[in-house]
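*Asks:* Just to be clear, the model below is a prediction. Sequence and coordinates:
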Amino acid sequence: MKQWLQQLCHSATPSIDECVQQLGPVIPWLNDLKKTPQDPGWHAEGNVHIHTGMVLDELYQLLVTGAAYIEGEKRQSLILAAIFHDIGKTRCTRKMIVRGHERIGSPDHEAKGRSYLAFQLMKLPLPFSVIWTVLGLVGEHQTPKMLVVQNMNQGAYIALSRRADPALLYWLERADMQGRIGEAIPLQLDYIEQYRMFCEGYGLWHQSFSIDELYRLIAHESPSAQRYLKSLVVDTMQRGTLASLKGAIAKLSRHKDEHAHLFLLCGPSGIGKSRYVARHCHDMSVISLDAIREELWGNRACQDNPELVVAMAQQKLKYYLREKHTVVWDATNLRQDYRKPLYAMARDQHALITLVIFLASETAIYSGNANRAHAVPKEIVAAQIAKYQFPRVSDVHHVIAVDGEGNILFESN
């Protein structure tokens with residue numbers, strides 16, 4: 001397996017059948033691509049397995065022509081993203097009504113696929129930088145077209161550049177559109193070309209967003225103030241509400257020296273969140289939902305009255321944010337609707353937000369849970385993994401990815 005994956009960095013061009021043969025035993029949903037139908041109007045070529053094979057063939061052609069400069073781990077990441085890009089369709093595909101007609105669709109398949117792969121890819125002998133890149137490409141592969149169709153502003157492109165490699169997304173979507181038989185393919189390809197034009201115009205091609213002028217204007221500030229101002233200015237730009245750099249810095253400077261900082265942990269039970277807190281969160285205020293359950297019911301595993309537990313935790317969070325603490329929210333935070341209210345509370349208090357994403361293989365997660373002093377039932381862990389939603393990293397100011405041993409795998413600038 002390791003040698004096969006390593007060959008993707010160089011000149012290997014495996015067929016979809018070979019990819020499923022190699023990866024299917026480790027990533028089980030790949031085995032369901034053949035069983036997953038597609039709408040004959042949008043995908044007349046047939047099922048998801050056939051489409052994915054055509055995408056790979058188109059990508060290999062691009063990799064010896066316009067995308068020939070892509071080598072090494074980026075080449076490996078791009079090929080793996082093509083293999084996995086529609087894996088979420090195996091669980092999202094259904095009949096639906098579109099403009100009064102019954103069609104076959106797969107709503108949110110890109111997000112579903114990324115969430116599934118977040119733990120599955122940790123089983124493969126890959127550098128974490130490749131895993132992170134693949135997750136970004138799979139989860140965002142429909143976004144380039146939507147940015148153009150919805151006439152989104154520069155902020156949306158900046159936000160996307162924090163979630164995925166803009167240039168690799170372009171090549172993936174070129175292959176995705178060329179690797180199908182369906183309606184309005186020339187129009188879809190034109191959207192992808194417009195996306196590239198906007199990325200180049202905004203200085204985002206081949207790189208994530210940065211502003212040299214911003215660094216010059218805040219160079220005299222303390223490291224803590226620089227980090228705060230950079231994070232908040234980029235956040236303001238993402239939202240499309242920036243009038244001028246100097247104006248934004250002046251407005252945000254009120255909180256640059258004294259501000260709260262929320263660390264929000266994200267991962268299922270047994271993945272090592274408490275270990276991370278013990279190792280990295282000294283001198284921080286910690287809000288633990290398990291500790292509140294222990295306080296209320298005398299049992300950390302008790303799931304009675306979850307609304308009360310969350311309400312008590314949120315009251316503590318509001319207090320710590322007002323008092324400008326660095327505070328850790330120690331809970332699973334598996335879904336976007338769990339995380340959003342916490343983001344909002346932190347923003348209301350002009351706080352920095354760091355999201356700590358825990359990633360490990362399912363085997364490691366189950367083992368970690370079994371070895372905890374307060375293990376939860378295996379079926380609860382399985383349910384947590386099933387409902388997990390990988391976070392949108394552009395929703396926060398700073399991101400840290402951590403493995404099951406508490407080691408930092410990735411940290412955003």
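*Replies:* Great, that's in hand.
*Asks:* going forward, measure contacts and count neighbours with C-alpha atoms only.
*Replies:* Fine.
*Asks:* Which residue of this structure lies farthest from its centroid?
*Replies:* In the chain, the residue that sits farthest from the middle, by C-alpha atoms, centre = their mean, is residue 298; the gap is 35.9 Å.
*Asks:* Now do the same for that one: its pLDDT.
*Replies:* With respect to pLDDT, residue 298 has a value of 81.
*Asks:* ditto for residue 214
*Replies:* What the model reports for residue 214 is a pLDDT of 87.
*Asks:* Now do the contacts for it.
*Replies:* 230, 245 (C-alpha atoms under 8 Å, 6 or more residues apart in numbering).
*Asks:* Just the element for it, please.
*Replies:* Element membership for residue 214, per DSSP states H and E: helix 212-217.
*Asks:* And for residue 97?
*Replies:* Per DSSP H and E: strand 94-98 holds residue 97.
*Asks:* What are the buried residues along the helix or strand following that strand?
*Replies:* Scanning forward in sequence from strand 94-98 by DSSP H and E, the next helix or strand is strand 101-105. For strand 101-105, burial by neighbour count (16 or more other C-alpha atoms under 10 Å) applies to 103, 104, 105.
*Asks:* Just the C-alphas of whichever helix or strand comes after strand 101-105, formatted as CSV.
*Replies:* Helices and strands here follow DSSP H and E; after strand 101-105, the next one along the chain is helix 109-120. Taking C-alpha atoms only, helix 109-120 is exported to CSV below (Å, rounded to 0.1, in the frame of the first residue of the first chain):
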residue,chain,number,x,y,z
HIS,A,109,-22.3,14.8,-0.8
GLU,A,110,-19.1,16.7,-0.8
ALA,A,111,-19.4,17.5,3.0
LYS,A,112,-20.6,14.0,3.7
GLY,A,113,-17.6,12.6,1.9
ARG,A,114,-15.1,14.8,3.7
SER,A,115,-16.5,14.0,7.1
TYR,A,116,-16.3,10.3,6.4
LEU,A,117,-12.7,10.5,5.1
ALA,A,118,-11.6,12.6,8.0
PHE,A,119,-11.1,9.4,10.1
GLN,A,120,-10.7,6.9,7.2
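*Asks:* Could you export the helix or strand that comes right after helix 109-120 as CSV, keeping only the C-alpha atoms?
*Replies:* Where DSSP H and E defines the elements, the next helix or strand beyond helix 109-120 is helix 128-140. C-alpha atoms of helix 128-140 as CSV (Å, rounded to 0.1, in the frame of the first residue of the first chain):
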residue,chain,number,x,y,z
PHE,A,128,-0.7,14.5,7.2
SER,A,129,-0.2,17.4,4.7
VAL,A,130,-1.6,15.2,2.0
ILE,A,131,-4.6,14.1,4.1
TRP,A,132,-5.4,17.7,5.0
THR,A,133,-5.2,18.7,1.3
VAL,A,134,-7.4,15.8,0.2
LEU,A,135,-10.0,16.7,2.8
GLY,A,136,-10.1,20.3,1.5
LEU,A,137,-10.4,19.3,-2.1
VAL,A,138,-13.1,16.7,-1.5
GLY,A,139,-15.1,18.9,0.8
GLU,A,140,-15.0,22.0,-1.5
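*Asks:* Tell me where the stretch 301-413 of the chain has helices.
*Replies:* 306-322, 336-348, 362-370, 378-387 (DSSP state H, counting those that start in this stretch).
*Asks:* low-confidence ranges in the stretch 1-150 of the chain?
*Replies:* Residues of the stretch 1-150 of the chain that meet the criterion pLDDT under 70 are absent altogether.
*Asks:* so how far is residue 343 from residue 263?
*Replies:* 10 Å (C-alpha to C-alpha, to the nearest Å).
*Asks:* Mind listing the shared neighbours of the two?
*Replies:* Common neighbours of residue 263 and residue 343, counting by C-alpha under 8 Å, 6+ apart, are residue 353.
*Asks:* Tell me which of those two has more neighbours.
*Replies:* residue 263 (23 against 19; other C-alpha atoms under 10 Å).
*Asks:* ok but that one is inside a strand, no?
*Replies:* Yes: judged by DSSP: H, G, I helix; E, B strand; the rest coil, residue 263 forms part of a strand.
*Asks:* buried set for stretch 129-148?
*Replies:* Judged by neighbour count (16+ other C-alpha under 10 Å), stretch 129-148 contains these buried residues: 130-145, 147-148.
*Asks:* now do stretch 67-74
*Replies:* 67, 70, 71, 73, 74.
*Asks:* In three-state terms, how would the first one be classified?
*Replies:* What it means is residue 67. coil.
*Asks:* The nearest residue to it once chain neighbours are set aside and residue 326, how far apart?
*Replies:* Leaving out its chain neighbours, the residue that sits closest to residue 67 by C-alpha to C-alpha, 6 or more residues apart in numbering is residue 171, at 7.3 Å. To residue 326, residue 171 is 41 Å away according to C-alpha to C-alpha.
*Asks:* What of residue 410?
*Replies:* Separation of residue 410 from residue 326 (C-alpha to C-alpha): 21 Å.
*Asks:* Neighbour count: the two, which is higher?
*Replies:* Neighbour count, other C-alpha under 10 Å: between residue 410 and residue 326, residue 326 has more, with 20 against 16.
*Asks:* Tell me the pLDDT of the more buried one.
*Replies:* Predicted confidence (pLDDT) for residue 326: 97.
*Asks:* residues in contact with it?
*Replies:* Residues near residue 326 by C-alpha under 8 Å, 6+ apart: 260, 261, 262, 263, 284, 285, 320.
*Asks:* which ones are touching the second one?
*Replies:* When contacts are counted by C-alpha under 8 Å, 6+ apart, residue 261 is found next to 321, 324, 325, 326, 327, 346, 351, 352, 353, 354.
*Asks:* Quick check: strands, which of those residues are part of them?
*Replies:* Using DSSP state E, 326, 327, 352, 353, 354 are the members of these that sit in strands.
*Asks:* Beta-bridge partners for the first one, please?
*Replies:* Okay, so that is residue 326. Taking DSSP bridges as the rule, residue 326 bridges to residue 261.
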